[in-house]
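Student: Got a sequence here, can you build the structure:
(one chain, ligands or ions: 1)
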Amino acid sequence: MKTYATLIILFNTLFLAGQSSKDPAIVDYFTDNGFGAAVKTMQHPAGEYYKGVTYVCFQGPLEDAWVAAYNHATNKWSGPFKAGVSKLGKTPGDKIDNHGKPAMIIDNEGYIHIVFGGHGGMPEHGPNTLGNTHKGDMIHVVSQKPQDISRWEVLDNIPPFGTYNQFVKMDNGDIYLFYRHGAHRSNWVYQKSTNNGRSFEQEVSILKHKIQDDNPGIHDSWYCWFTKGQGEEIIMTYNYHVCKDLNHDGERQNCYYMVMNTNDYTWRNVKGEVLTVPVTKAHADKMTLVVDTENKWTTRGTVRLDQAGNPHLTYNEGEHMGLKHGGPRQVKYYRWTGQMWDGGYDTNLPVSAVGDILISSPTEVNLLLDGRGEVAWWHTTNGGQSFTKGEVLIRQEKTNFAITSWLRNAHPNARVVAVGKIGSSDFRKMYLLGDEGPVKRLKAEADKLDD
Ligand code: ZN
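Tutor: So this is what the prediction gives:
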């Protein structure tokens, strides 16, 4: 214990002095028990900065939901603790499902909520009136005490059918839980809570799954990403999945954008024109298209607003090259100028990288992107016509990094969680990255798998 205490003092001294340490007792990662694709931009926020502490969640062993916390004043980590048990990941030999990653929101009383474990629900859950089913069970857990990640309880107040769970909390404390209500052939919905997540109102469909009128072998399907906009607004970007009966593959096309006013629950396009919800493919193509990528495949990205309230977004675009899930995809950036979508320029942004957007001004924008060997900033000062690489937050040649979108209310020193894949192990080191690089931890604490 004495050595341990000494180490903590040494660690804090080094850290507070702002020195980098080569001490092998101090590591870049906060835990080594991330599992599979432990985090992604999709399931978000993956954490939140709240009253001096950054709380983070990730997919741990057996695809369960795990939570850790970092106190910025004391430089002390706590956890990770298991917050909830998933129905996914429990069959030995099965491929890691990876769809039930956790998302987090902290309510106005300081309780921490995690939703996780869903990949569309199962037939045994009964009929899914808004789509089809596949696996898992979307589960909601809450911390037993405010700001305490050590003990959790299940709140049985959401449907089992969800996947791609995402939270948006408004300034008045209302919590919106967005998700796809089932497997591929399901509506995207939200449920609203006005009592700190203790109950949720009925699902409201916003994007409609549908068999194509002139091609019954194809089902319209969607991938969406939501976040808070200005004031009472919620914004979203999405792409279209061509869900085929025959030769099903990962074909996804186009990029779309729309906005909800939470005062009257109306949806509008970027021009302010009112939409008919749930939005169908035909309506989306007519009213909400950012770009028609034609024969190119896309992966949905993230969207943020500049100070004028104009959206800036990214997505990835590439050829399918006969591959089931497509080939390498270039990062594409677009912004709404007030009159038009400007962007899509050929740039030197890294291929197949994913990340989030920090906007300085309508034409000065910073992307934090993950990839092979590093997580780095990319800056544009000409509205996306070209980008230059900036600061590298972490670099490890042999590690494949994947990052979350911004943590909610993120501290500059703790903007995203990253998972690092190295070698063939299913277990992953997890990182908390910000402007000072990774938030370090004592190796003895971070090496959770040895416990
Ligand atoms: Zn499909």
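
Student: Give me the buried positions along the helix or strand harbouring Val365.
Tutor: For Val365, the host element (DSSP states H and E) is strand 364-369. By neighbour count on 16 or more other CB atoms under 10 Å, the buried set for strand 364-369 is Val365, Asn366, Leu367, Leu368, Leu369. For glycine as for every other residue, the C-beta is placed from the backbone atoms N, C-alpha and C.

Student: Quickly note the distance from Val141 to the ion.
Tutor: 29 Å (CB to the ion, to the nearest Å).

Student: sorry, back to before: pick out whichever of the buried residues of strand 364-369 sits closest to the ion.
Tutor: Leu369 (27.0 Å; CB to the ion).

Student: which helices and strands sit right next to the strand holding Val365?
Tutor: strand 329-336, strand 355-361, strand 371-380, strand 388-403 (3 or more CB pairs under 8 Å, 6 or more residues apart in numbering; DSSP states H and E).

Student: Can you name the residues in contact with the last one?
Tutor: Strand 388-403 is contacted by residues 28, 37, 39-41, 354-356, 366, 368-380, 416-423, 429, 431, 433-435, 437-438 when judged by CB atoms under 8 Å, 6 or more residues apart in numbering.

Student: could you give the mean pLDDT of it?
Tutor: The average pLDDT for strand 388-403 rounds to 97.

Student: From the chain's centre, how far out is it? Work that out for me.
Tutor: 18 Å (CA atoms, centre = their mean, to the nearest Å).

Student: and after that strand, which helix or strand comes next?
Tutor: Strand 388-403 is succeeded, C-terminally, by strand 416-421 (DSSP H and E).

Student: what angle do that next one and strand 371-380 make?
Tutor: 150 degrees (axes from the mean of the first three to the mean of the last three CA atoms, to 10 degrees).

Student: what does strand 416-421 rub up against?
Tutor: 29, 34, 37-39, 46-47, 56, 58, 355-356, 368, 370, 375, 394, 396, 399-407, 410, 428-434.

Student: Using PDB, list the CA coordinates for that strand.
Tutor: Coordinates of each C-alpha in strand 416-421 appear next as PDB, following Å, rounded to 0.1, in the frame of the first residue of the first chain:
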ATOM      1  CA  VAL A 416     -13.300  11.800 -26.900                       C
ATOM      2  CA  VAL A 417     -12.900   8.200 -25.800                       C
ATOM      3  CA  ALA A 418     -10.700   6.100 -28.100                       C
ATOM      4  CA  VAL A 419     -10.400   2.300 -28.500                       C
ATOM      5  CA  GLY A 420      -7.100   1.000 -29.700                       C
ATOM      6  CA  LYS A 421      -7.000  -2.300 -31.700                       C
END
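
Student: Parallel or antiparallel, list what pairs with that strand.
Tutor: strand 388-403 (antiparallel), strand 427-434 (antiparallel) (DSSP bridges).

Student: Give me whichever of the ones you listed is most buried.
Tutor: strand 427-434 (a mean of 25; mean count of other CB atoms under 10 Å).

Student: partners of the helix or strand that comes right after that strand in the sheet?
Tutor: Sequence order places strand 437-438 as the next helix or strand after strand 427-434, per DSSP H and E. Strand pairing for strand 437-438, determined by DSSP bridges: strand 427-434 (antiparallel).

Student: Using CSV, write out every CA atom in the partner strand.
Tutor: Extracted C-alpha coordinates of strand 427-434, given in CSV (Å, rounded to 0.1, in the frame of the first residue of the first chain):
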residue,chain,number,x,y,z
PHE,A,427,-9.6,-7.0,-25.7
ARG,A,428,-8.7,-3.4,-26.2
LYS,A,429,-6.9,-0.6,-24.5
MET,A,430,-9.2,2.4,-23.9
TYR,A,431,-8.1,6.0,-24.0
LEU,A,432,-9.5,9.4,-23.0
LEU,A,433,-8.1,12.0,-25.3
GLY,A,434,-8.0,15.8,-25.2
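
Student: okay, the angle between that strand and strand 364-369?
Tutor: Going by the same axes, to 10 degrees, strand 427-434 makes 160 degrees with strand 364-369.

Student: returning to what we had before: nearest to the ion, of the strands paired with strand 416-421?
Tutor: Of all the strands paired with strand 416-421, strand 388-403 comes closest under CB to the ion, at 22.3 Å.

Student: Leu289 - nearest residue in space that isn't next to it in sequence?
Tutor: Tyr256 (5.8 Å; CB to CB, 6 or more residues apart in numbering).

Student: Please spell out which residues along the helix or strand hosting the one you found are buried.
Tutor: Assessed by DSSP H and E, Tyr256 sits inside strand 252-261. For strand 252-261, the buried set under the neighbour-count rule, 16+ other CB under 10 Å, comprises Arg252, Gln253, Asn254, Cys255, Tyr256, Tyr257, Met258, Val259, Met260.

Student: same thing with stretch 373-386?
Tutor: The neighbour-count check on stretch 373-386 (16+ other CB under 10 Å) flags Gly373, Glu374, Val375, Ala376, Trp377, Trp378, His379, Thr380, Gly383, Gly384 as buried.

Student: okay if I get those residues as TSV plus pLDDT?
Tutor: Compiled in TSV, these are given as follows (pLDDT from 0 to 100):
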residue	pLDDT
Gly373	95
Glu374	97
Val375	98
Ala376	98
Trp377	98
Trp378	98
His379	98
Thr380	98
Gly383	97
Gly384	98
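
Student: Farthest-apart pair in those residues, please.
Tutor: Gly373 and Gly383 (28.4 Å; CB to CB).

Student: For Leu449, report the pLDDT, please.
Tutor: For Leu449, the predicted pLDDT is 86.

Student: quick one: contacts for it?
Tutor: Asp32, Asn33, Phe427.

Student: Correct me if wrong: the second one contacts Glu63.
Tutor: No - contact criterion CB atoms under 8 Å: Asn33 and Glu63 do not qualify, at 12.0 Å.

Student: picking up where we left off before, nearest to Trp188, of the buried residues of stretch 373-386?
Tutor: Nearest member of these to Trp188, counting by CB to CB, is Gly384, at 27.5 Å.

Student: Good, wrapping up.
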